[in-house]
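Chemist: Sharing a model that was predicted from the sequence below.
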Amino acid sequence: MDPATTVSSTLAVNAPALYVGMELESAARAREFVNAYAIRHNFAVKNGDVYNKNKSLLLLCKCAKLPSTRRLQPTKGATDDEGLNRQKEFRSMLCDCPWMVRFKKQLNDTWIVTQLVDHHENHQLQGINPLAYPENRSLTPEARETMLDLVRHLNASYTSIASVINTTYGLSLLGRDVYNRSYDYTQKHGTLSKIL
């Protein structure tokens, strides 16, 4: 089993609580710690906008949405103050979840938690599989290379390739992860092509 996978698994089980003043040695270590904390508490995190990415790191609950100036009701046929009418039912899973953690880089190159809101609102965390979020299904560089080789050289289903990668590296990928991570989305003119 890959050592990085073992470390992540151990962190997810043994991760202590986050607290203001907690100090970690790097931004990568801070992100890894928060991801393990999120997995343990059945949610996922995403990056928040910061002014200077070299000195600050903001992580939000995956379901947190940007504040909207438009306040149209979520039901079909609703009308707002400006006369706009909602054409279909609102289906977003985003909510006003306040969970967030902010890290600041210190002069000694460590990262310290300066702000923490450690509660969730408007969504259910109990009974949710944290690996349902693609952000929590990590892929090591070695596993990625193996996956791309299998996609290039085998005529197998994505689910079969995911099963091989999971067995070999102790990961928890799905077939759709193999599909999504084996396409080059940087092609011009909106076309998708396999990485070959």
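Modeler: Arrived safely, thanks for sending.

Chemist: From residue 150, how far off is residue 24?
Modeler: Residue 24 sits 35 Å away from residue 150, going by C-beta to C-beta, to the nearest Å. In this view, the C-beta of every residue, glycine as well, is placed from N, C-alpha and C.

Chemist: Residue 133 too?
Modeler: Counting by C-beta to C-beta, the gap from residue 133 to residue 150 is 24 Å.

Chemist: Am I right that residue 113 is in a strand?
Modeler: Yes: judged by DSSP: H, G, I helix; E, B strand; the rest coil, residue 113 forms part of a strand.

Chemist: my read: it touches residue 101, true?
Modeler: Yes: in terms of C-beta atoms under 8 Å, residue 113 counts as a neighbour of residue 101; the distance is 6.0 Å.

Chemist: intersection of neighbour lists for these two?
Modeler: Residues touching both residue 113 and residue 101 (C-beta atoms under 8 Å, 6 or more residues apart in numbering): residue 18.

Chemist: Give the closest residue to residue 22 in space, chain neighbours not counted.
Modeler: Spatial nearest neighbour of residue 22, excluding adjacent residues (C-beta to C-beta, 6 or more residues apart in numbering): residue 113 at 4.5 Å.

Chemist: Bridged to the one you found, which residues?
Modeler: The bridge-partner assignment for residue 113, based on DSSP bridges, gives residue 103.

Chemist: can you count the residues close to it?
Modeler: The tally of other residues near residue 113 (other C-beta atoms under 10 Å) stands at 20.

Chemist: Let me see the contact set for it.
Modeler: Applying C-beta under 8 Å, 6+ apart, the residues near residue 113 are 18-23, 101-103.

Chemist: If we use 10 Å, what do you get?
Modeler: By C-beta atoms under 10 Å, 6 or more residues apart in numbering, residue 113 lies in contact with 18-24, 30, 33-34, 57, 101-104.

Chemist: what bits of the protein have low per-residue confidence?
Modeler: 1-15, 65-83, 86-95, 122-129, 132, 184-196 (pLDDT under 70).

Chemist: in it, which spans are helices?
Modeler: 3-14, 27-40, 141-153, 158-169, 175-181 (DSSP state H).

Chemist: on that earlier part again, what about burial for the contacts of residue 113, which qualify?
Modeler: 22, 24, 30, 33-34, 57, 101-104 (16 or more other C-beta atoms under 10 Å).

Chemist: Identify the bridge partners of residue 60.
Modeler: residue 46, residue 100.

Chemist: So it versus residue 135, what's the distance?
Modeler: Taken as C-beta to C-beta, the span from residue 60 to residue 135 is 12 Å.

Chemist: Quick check: neighbours shared by the two?
Modeler: Common neighbours of residue 60 and residue 135 (C-beta under 10 Å, 6+ apart) are 45-46.

Chemist: Among the two, which residue is more densely surrounded?
Modeler: Neighbours per residue (other C-beta under 10 Å) separate residue 60 from residue 135, with residue 60 holding more: 20 against 15.

Chemist: ok, that one touching residue 49?
Modeler: Yes: here residue 60 reaches residue 49: they are 9.4 Å apart, a contact under C-beta atoms under 10 Å.
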